[in-house]
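Peer 1: Mind folding the following:
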Amino acid sequence: MKDSYLKTIYSGSFVNAQHIAGILEEGEIHCVIEDEFHSSMMAGWAAPGTENSVRVMVAKDDLEKAIQTIKSVKDTN
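Peer 2: Now for the predicted structure:
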């Protein structure tokens, strides 16, 4: 997937991003997790203020389905 075709569906903590990604994968919606904090640490430096900058992204074509999938899980809890 190219970045231009990806839309951010969540931005926040790593734990929540993992949870949302799990919901999407169960709904057979492929997603990408982008974690600026861990990426910068692996590069040898930590970007300030990035510890809660994890993004879950889905293909633009899957955006509406992804939103509905997350809402349906939220409504059942």
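
Peer 1: okay, CA-based contacts and neighbour counts for the rest of this
Peer 2: OK.

Peer 1: got the contact list for the host helix or strand of Thr69?
Peer 2: Per DSSP states H and E, Thr69 falls inside helix 63-76. By CA atoms under 8 Å, 6 or more residues apart in numbering, the residues outside helix 63-76 that reach it are 7, 9, 20, 23-24, 27, 29, 58.

Peer 1: Out of the residues you listed, which end up buried?
Peer 2: Neighbour-count burial (16 or more other CA atoms under 10 Å) is assigned, among the contacts of helix 63-76, to 7, 9, 20, 23-24, 29, 58.

Peer 1: want to throw those residues into TSV with pLDDT, secondary structure and distance to Ser72?
Peer 2: TSV is the format used below for the buried ones among the contacts of helix 63-76 (pLDDT from 0 to 100; DSSP: H, G, I helix; E, B strand; the rest coil; distance: CA to CA, whole Å):
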residue	pLDDT	secondary structure	distance to Ser72
Lys7	95	strand	20
Ile9	94	strand	15
Ile20	96	helix	12
Ile23	97	helix	10
Leu24	97	helix	11
Ile29	97	coil	14
Val58	96	strand	17
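
Peer 1: Can you pull the poorly scored residue ranges out of this structure?
Peer 2: 1-4, 37-52 (pLDDT under 70).

Peer 1: residue boundaries of the helices in it?
Peer 2: When assigned using DSSP state H, the helices of the chain occupy the ranges 14-26, 36-42, 63-76.

Peer 1: Looking at those helices, which one is packed in the most?
Peer 2: helix 14-26 (a mean of 17; mean count of other CA atoms under 10 Å).
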